[in-house]
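Peer 1: With the sequence up front, the predicted model follows.
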Amino acid sequence: MSHLFRAACLLSLAGLSVIPLAGQSAGPQPTPMPPAVPAPQDRPYPGTIQLAVDATDTDHRIVSVHESIPVAAAGPMILLYPQWIPGEHSPSGTLTAMAGLVMHANGARIAWTRDPVDVFAFHVDVPAGAKTVDADFEWLTPIIPSVGAISMTAEMIDLPWNTVVLYPAGYYSRQIAVAPALRVRSGWHVATALEPASTAGDTTSFKPVTLNTLVDSPVYAGQFFKRYDLDPGGGAPVWLDVFGDTADEIEAPPEALAAHRALVQQAYKLYGSHHYAHYDFLFSVSDRLGGNGLEHHQSSEDGTSSDYFTDWAHSLADRDLLPHEYTHSWNGKFRRPADLWTPNFDVPMRDSLLWVYEGQTQYWGYVLAARSGLLTKAQTLDAIAGVAAEYDHRIGRAWRQLEDTTNDPIIANRRPLSWTTWQRSEDYYSEGQLIWLDADTLIRERTNGAKSLDDFARAFFGINDGSFVTVTYTFDDVVRTLNGVLPYDWSTFLKTRLESHGPGAPLDGVARGGYKLVYTDAPTWAATPNNLSYSLGAMVTGDGTIGRMIWDAPLFAAGLAPGNKIVAVNGAVFSTDALRAAITAAKGTTTAIELTVQTGERMRVIRLDYHDGLRYPHLVRDDATPARLDQILLAK
């Protein structure tokens, strides 16, 4: 007698009705879904949307919006708030920050109803005789970091237009015209890729553009501002638009300005083209505005700490930021994966080729940082060593292939994760970078240095010089172009690395580049002293809090987790110096390291039998192999 049959018999004896699994269900049936929001069509929208944005309320960090949307006829209309944001590869539209929505037509208030399925869609009934629907609302920018990245302070604002616009459903974004205007605080400066039409007081009106261009052209505005010309006399101006918390923070020392100017020239030598009329690095150096890095076709939103220029010799952490975002003008904006391009901002994106879009951009970000002098060769090698070590210890590769991490923007949308090394998180960036190093060194090896990935970059991204029209690409396009540089089974090469499960990271490019990954007790700028990932298996902050931890490493095996706090080391009050000294003293011995650990209200003592000492990643030359990595990093 089967378990299911026996259970059915018992239920029948108990007087309960039994419905066979294959029979018709007597349970609830689903309520029919409402009509879908109309799919976008490639047809012109009648009229031009007038968009007026007021960003003067820095006390409350509130942006006020007034929008006048032309209508062609009375009857049902659907307005959309942008949901799928280019560059973020995800449904990350800031709908929760939108408030106070009120609509009018013919001078009277009209009702709106949110779609019960697509909550980014608003239904209105346009009354007879109405020429426009006027919408007023606020964008409530984050006040504290736990709500989101700070985008507005007393000194500056980063304004993405997708946060302050509603648009009609049923049209491609390139077929909707918008005339934007922005009011800022008195005395503030405005920088954007948009072309100004006029200025009246503190309000700048911009020339009308299509909606897709508007969303692709954010605004930075602020009190302390300085513009640097990065390509004096060039055919297409490139500007570094710097906003700071104070006046001194925006002053670039000569050596810094020289490196940023070299970045432009090295990019031109790499790609052999450009796809903008002018380009603006919208750059905040601030400890108050949230750090940022988001690509656009003729600009980028970039943000780092306030000491970027004031401590130029040591502020190395974000030196690849501008090269990365600049590269996206070619890879991601001009050329874009076919399944990632969408006709408007509410059609879902598919991210299957992010290992090209972001992975190769990550690769060129490091290479261009070195070639331009933003990083020295030694500093770049330390950075690559850090990437190689991290992914060589990314134990999640055992169950989850790299290709699947391209879904992470949609799955996690950069939410914090408890166990990053096991779960994986957007690894298409830096593990993708290692794959492209592998490809570059393979091309150089097989052609005796006559060809390289530079040739792919020029052939793939350098087409249609001067054109702004996006050209999409597929996996087969990537393979075809690689074969044009070097005939090889590139499809298998790429799929093997995208679908493999380890163990270890794809480090053939490091080895073929003439280097070995080793570990010593000497930290680097890229692997700081408190990065004990490759010894105890975790980052440990100055107060003893355990940060990101490697799954199955010594601290994990001892029963600890991120958020636990080390309060004592070998019976002495915790300090990072004491912890490192204990690790060093235990090296090569049988003496355990004794840690007193606080977990919530609980205190416990653990004994770590770890005896391999401090371990920080480095790349060292392998003289048996040509130094191809040195050639890759050399300025052109």
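Peer 2: Received, thanks.
Peer 1: which residues of the stretch 351-500 of the chain fall in helices?
Peer 2: All helices of the stretch 351-500 of the chain, identified by DSSP state H, counting those that start in this stretch, fall at 354-357, 359-372, 377-392, 408-411, 420-423, 430-446, 453-461, 475-485, 490-499.
Peer 1: Run the angle between the longest one and helix 490-499 for me.
Peer 2: Translated: helix 430-446. 150 degrees (axes from the mean of the first three to the mean of the last three CA atoms, to 10 degrees).
Peer 1: for helix 430-446, what is the average pLDDT?
Peer 2: If you average the pLDDT over helix 430-446, you get 98.
Peer 1: gap between residue 329 and residue 323?
Peer 2: 11 Å (CB to CB, to the nearest Å). Where C-beta positions appear, they are placed from N, C-alpha and C, glycine not excepted.
Peer 1: And for residue 569?
Peer 2: 40 Å.
Peer 1: So for the closest residue to residue 423 other than its chain neighbours, what's the pLDDT?
Peer 2: Among residues not flanking residue 423 along the chain, residue 417 sits closest, at 5.2 Å (CB to CB, 6 or more residues apart in numbering). As predicted, residue 417 sits at a pLDDT of 90.
Peer 1: How about the contacts made by the most centrally placed residue in the chain?
Peer 2: Computing the C-alpha centroid of the chain and ranking residues by CA atoms, centre = their mean puts residue 88 first, at 5.8 Å. Counting by CB atoms under 8 Å, 6 or more residues apart in numbering, residue 88 touches 294, 409.
Peer 1: all strands for the stretch 101-250 of the chain, in order.
Peer 2: Remark: strands assigned in the stretch 101-250 of the chain by DSSP state E, counting those that start in this stretch are 108-110, 112-114, 121-126, 132-140, 156-159, 167-168, 177-183, 189-192, 196-200, 203-206, 209-210, 219-222, 224-229, 238-244.
Peer 1: Residues contacting the first one, please?
Peer 2: By that I understand strand 108-110. Applying CB under 8 Å, 6+ apart, the contact partners of strand 108-110 are 102-104, 124-127, 133.
Peer 1: Of the residues you listed, which is the most crowded?
Peer 2: When neighbours are taken as other CB atoms under 10 Å, the top entry among the contacts of strand 108-110 is residue 133 (23 neighbours).
Peer 1: Next up, the contacts around that residue.
Peer 2: Counting by CB under 8 Å, 6+ apart, residue 133 touches 68-69, 71, 77, 79, 103-105, 110, 124, 126.
Peer 1: Go through the strands of the stretch 101-250 of the chain and name the closest to residue 548.
Peer 2: strand 156-159 (27.0 Å; CB to CB).
Peer 1: which residues touch the closest one?
Peer 2: Contact with strand 156-159 is made by 53, 55, 58, 63, 141, 151-152, 182, 184, 188, 218-224, 243, 245, 282, 284, 286, 289-290, 292, 301, 303, as judged by CB under 8 Å, 6+ apart.
Peer 1: Can you report how many residues lie near the closest residue to residue 332 other than its chain neighbours?
Peer 2: Leaving aside its sequence neighbours, residue 332 sits nearest to residue 357 (CB to CB, 6+ apart; 5.0 Å). Residue neighbour count, defined by other CB under 10 Å, stands at 27 for residue 357.
Peer 1: Do I have it right that residue 357 meets residue 338?
Peer 2: No - with contact defined as CB atoms under 8 Å, residue 357 does not reach residue 338; the gap is 11.2 Å.
Peer 1: Just the terminal-to-terminal distance for stretch 320-335.
Peer 2: End-to-end distance for stretch 320-335: 21 Å, by CA to CA, to the nearest Å.
Peer 1: Same question for it: list its buried residues.
Peer 2: By neighbour count on 16 or more other CB atoms under 10 Å, the buried set for stretch 320-335 is 320-335.
Peer 1: Who does residue 137 form a beta bridge with?
Peer 2: Counting by DSSP bridges, residue 137 forms beta bridges with residue 65.
Peer 1: which residues does it contact?
Peer 2: Each residue near residue 137 by CB under 8 Å, 6+ apart is listed here: 65, 98-102.
Peer 1: One more: residue 367?
Peer 2: With contacts defined as CB under 8 Å, 6+ apart, the neighbours of residue 367 are 323, 632-633.
Peer 1: re earlier: make JSON lines from the contacts of strand 108-110 and add distance to residue 621 and pLDDT to it.
Peer 2: Below are the contacts of strand 108-110 laid out as JSON lines (distance: CB to CB, whole Å; pLDDT from 0 to 100):
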{"residue": "102", "distance to residue 621": "67", "pLDDT": "98"}
{"residue": "103", "distance to residue 621": "67", "pLDDT": "98"}
{"residue": "104", "distance to residue 621": "70", "pLDDT": "98"}
{"residue": "124", "distance to residue 621": "67", "pLDDT": "98"}
{"residue": "125", "distance to residue 621": "72", "pLDDT": "97"}
{"residue": "126", "distance to residue 621": "71", "pLDDT": "97"}
{"residue": "127", "distance to residue 621": "76", "pLDDT": "97"}
{"residue": "133", "distance to residue 621": "67", "pLDDT": "98"}
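Peer 1: Which of the residues you listed lies at the shortest distance from residue 261?
Peer 2: Closest to residue 261 out of those is residue 133 (47.5 Å), distances taken as CB to CB.
Peer 1: what's across from that closest one in the sheet?
Peer 2: For residue 133, the beta-bridge partners under DSSP bridges are residue 69.
Peer 1: Distance check, it against residue 512.
Peer 2: 61 Å.
Peer 1: Could you pull up the mean pLDDT of the strand or helix carrying residue 308?
Peer 2: Here residue 308 sits within helix 307-310, counting by DSSP states H and E. The average pLDDT within helix 307-310 is 97.
Peer 1: what about dumping the CA coordinates of it to CSV?
Peer 2: The C-alpha trace of helix 307-310 is given here as CSV (Å, rounded to 0.1, in the frame of the first residue of the first chain):
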residue,chain,number,x,y,z
ASP,A,307,40.7,63.2,-0.2
TYR,A,308,40.9,62.1,-3.8
PHE,A,309,42.9,65.2,-4.8
THR,A,310,44.0,66.5,-1.4
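Peer 1: I'd like the numbering to begin with 28 instead of 1 from here.
Peer 2: Happy to do that; since the first residue is 28 now, the last one works out to helix 334-337.
Peer 1: That helix: which residues count as buried?
Peer 2: Neighbour-count burial for helix 334-337 flags 335-337 (criterion: 16+ other CB under 10 Å).
Peer 1: Same check on stretch 546-565?
Peer 2: Using 16+ other CB under 10 Å as the test for burial, stretch 546-565 gives 546, 550-554, 557-565.
Peer 1: Can you tell me what sits against that stretch?
Peer 2: 341, 343-344, 406, 409-410, 412-413, 416-417, 420, 566-569, 573-577, 580-583, 587, 589, 603, 606-607, 610-611, 635, 637, 639-645.
Peer 1: Give me the subset of those that lies in strands.
Peer 2: Residues of the contacts of stretch 546-565 located in strands (DSSP state E): 566-567, 573-576, 635, 643-645.
Peer 1: Apply the buried test to these and list what passes.
Peer 2: For those, buried by 16+ other CB under 10 Å: 566-567, 573, 575-576, 635, 643-645.
Peer 1: Take these and lay them out in TSV including pLDDT.
Peer 2: Putting these into TSV (pLDDT from 0 to 100) gives the following:
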residue	pLDDT
566	96
567	97
573	97
575	94
576	95
635	96
643	98
644	98
645	98
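Peer 1: Rebuild these as JSON lines, extending it with distance to residue 229.
Peer 2: Formatted as JSON lines, these follow (distance: CB to CB, whole Å):
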{"residue": "566", "distance to residue 229": "45"}
{"residue": "567", "distance to residue 229": "48"}
{"residue": "573", "distance to residue 229": "49"}
{"residue": "575", "distance to residue 229": "44"}
{"residue": "576", "distance to residue 229": "50"}
{"residue": "635", "distance to residue 229": "61"}
{"residue": "643", "distance to residue 229": "51"}
{"residue": "644", "distance to residue 229": "51"}
{"residue": "645", "distance to residue 229": "53"}
